[in-house]
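>>> sharing a model prediction with you, sequence too.
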Amino acid sequence: MSGLPTACALGAFAVIARRSGELPPVTVVLAVVADGAHVLLLASFVVGTGFLSLEGQVVTVVPGLLFAWILATGLALLRRPSAPRRLGPAGVRPRAAS
């Protein structure tokens, strides 16, 4: 049952990371893929056999995607920032005026 809350958290991360641009795009892509996979994981409660069943490979593939996102994001957070950046309210970088 933790698939939906995890999907919500991954989706929120993807939106914020995309808007701020502070983390590499690979973290956003992995979050979106893992988000979709966690929503798909809910199907395992109704499917009796096959890939999507509780006895299928979905119970190992989906957590694997989450762990890949955790690893990529952790490594991205460990990188040394090139220069301090000024962030606006809610931690989002203000957009440049055009």
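Arrived safely, thanks for sending.

>>> pLDDT weak spots in the chain?
Applying pLDDT under 70 to the chain picks out residues 1, 80-98.

>>> now do 90
Applying pLDDT under 90 to the chain picks out residues 1-4, 20-22, 38-63, 79-98.

>>> show me where it has its strands.
Applying DSSP state E to the chain gives no strands.

>>> find the residue at the geometric middle of it.
In the chain, the residue lying closest to the centroid (Cα atoms, centre = their mean) is Ala31, at 2.0 Å.

>>> quick one, what contacts the nearest residue to Leu10 once chain neighbours are set aside?
Take Leu10 and drop its neighbours on the chain: the residue closest to it by Cβ to Cβ, 6 or more residues apart in numbering is Asp35, 4.1 Å away. The way it works is simple: take the backbone N, C-alpha and C, and place the C-beta from them, glycine included. Asp35 is in contact with Ala7, Leu10, Gly11, Ala14, counting by Cβ atoms under 8 Å, 6 or more residues apart in numbering.
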